[in-house]
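Novice: Got a sequence here, can you build the structure:
(one chain, ligands or ions: 1)
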Amino acid sequence: MNLWSPTTLKEILARHNLTLSHGLGQHFLTDFGILAKIVEKAEITKDDAVLEIGPGAGVLTRLLAQAAKYVVAIEIDKKLLPVLAETTGDLGNIVVVNADAREINFDRVMAEQTGGEFGFEGKPYLIVANLPYYATSPLIFKVFEEGYRVSSMTLMMQKEVAERITAKPGSKIYGSLSVVCQYFSEPKIVLKVPRTVFFPPPEVESAVVRFTLKENSLTSEERLRFFQVVRAAFATRRKTIAKSLSGALNLKRNYVEEVLLKVGIKPDLRAEQIPPESFYRLSQLVADGK
Ligand code: SAM
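Specialist: Here you go, the predicted model:
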């Protein structure tokens with residue numbers, strides 16, 4: 001079944017009496033070359049479990065299932081369930097879960113749906129998705145903030161967001177998303193994707209980012225503190241890092257300046273000039289001083 005053919009896709013949608021929702025970011029891929037490239041860049045093996053966010057009509061899901069051991073696909077839109085049953089029902093290694101991906105615990109879902117093999121104490125899994133663009137940042141933050149057992153993510157997103165994720169310190173677009181992604185992973189833009197390969201075409205250009213997650217041994221408290229400090233630092237981008245942190249974390253300015261100097265950060269720098277690793281050291285010391 002050539003699900004990626006626009007004619008087939010339109011025929012299926014019409015038969016199920018469906019119109020696509022712009023609000024849910026429903027722009028479906030209709031280019032086999034791009035789909036194959038996403039699967040290739042994800043480097044999936046037959047031992048892997050893949051979590052897909054937003055399977056839509058199942059076009060990517062089918063290709064993922066051919067490469068992986070299991071695919072667990074989280075789809076928010078109930079109306080797509082009969083479509084997915086038709087397009088993926090013949091493959092025995094796909095489970096579709098009807099849920100809002102922002103609301104569920106990925107490790108728990110992976111453990112439940114793969115017989116405990118992946119998630120929690122089990123093996124790490126991969127995330128591969130053509131994301132709904134309205135939820136890109138929250139979903140990426142969620143993976144790192146919750147510390148899920150993920151080994152890599154290969155994600156299609158709006159090109160501007162991909163550029164923010166990979167931006168270097170000192171760049172105007174370097175922000176909290178860049179810090180978090182680059183601290184916890186090595187993100188790389190692996191593919192630029194034109195609007196024309198989607199049905200219906202979105203208003204923006206897209207890109208695929210491959211995130212290779214780094215090993216880390218942060219406790220949940222350290223992780224929490226890291227996110228607090230990063231958010232506080234970028235809450236007021238125009239202010240100096242000393243002013244932003246003392247204001248947002250309710251700490252004395254002298255104390256913050258002392259800590260900044262200890263980790264080698266000049267207190268009059270802006271958050272956008274500070275590399276990801278320094279944010280980690282900063283968050284550790286801020287914790288010690290309380
Ligand atoms: N994977 C399909 C493809 O590549 O053609 C569809 C991708 S489309 C860009 C995004 C999909 O995510 C849609 O199917 C949409 O219904 C679903 N979606 C939107 N918000 C979601 C959420 N919060 N949780 C899970 N799925 C969501």
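
Novice: C-alpha from now on. contacts and neighbour counts both.
Specialist: Will do.

Novice: what about the helices in the protein?
Specialist: 6-15, 32-42, 59-67, 81-88, 106-113, 136-146, 159-166, 176-184, 220-235, 241-249, 253-262, 276-288 (DSSP state H).

Novice: The fourth one: which residues count as buried?
Specialist: What it means is helix 81-88. If you call a residue buried by 16 or more other C-alpha atoms under 10 Å, then helix 81-88 has these buried ones: 81, 83-84, 87-88.

Novice: Is any residue of that helix near the ligand?
Specialist: No. On the criterion C-alpha under 6 Å from any ligand atom, helix 81-88 is out of touch with the ligand, staying 10.1 Å away.

Novice: what's that helix in contact with?
Specialist: Helix 81-88 is contacted by residues 3, 12-13, 16, 56-58, 61-62, 94, 96, 98 when judged by C-alpha atoms under 8 Å, 6 or more residues apart in numbering.

Novice: What residues does the stretch 101-250 of the chain have near the ligand?
Specialist: 101-102, 130-132.

Novice: now with 8 Å?
Specialist: With the criterion set to C-alpha under 8 Å from any ligand atom, the stretch 101-250 of the chain comes near the ligand through 101-103, 129-135, 198.

Novice: Contacting the ligand as well, which ones from the contacts of helix 81-88?
Specialist: Contacts with the ligand within those, as defined by C-alpha under 8 Å from any ligand atom: 56-58, 61, 98.

Novice: looking at this protein, which helix or strand does the model trust least?
Specialist: helix 276-288 (a mean of 88; mean pLDDT, DSSP states H and E).

Novice: Would you mind listing the buried residues in that helix?
Specialist: Residues of helix 276-288 classed as buried: 276, 278-284, 286 (neighbour count, 16+ other C-alpha under 10 Å).

Novice: Would you mind giving these as JSON lines with distance to the ligand added?
Specialist: What follows is these, written out as JSON lines (distance: C-alpha to the nearest ligand atom, whole Å):
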{"residue": "P276", "distance to the ligand": "28"}
{"residue": "S278", "distance to the ligand": "32"}
{"residue": "F279", "distance to the ligand": "29"}
{"residue": "Y280", "distance to the ligand": "29"}
{"residue": "R281", "distance to the ligand": "33"}
{"residue": "L282", "distance to the ligand": "33"}
{"residue": "S283", "distance to the ligand": "30"}
{"residue": "Q284", "distance to the ligand": "33"}
{"residue": "V286", "distance to the ligand": "34"}
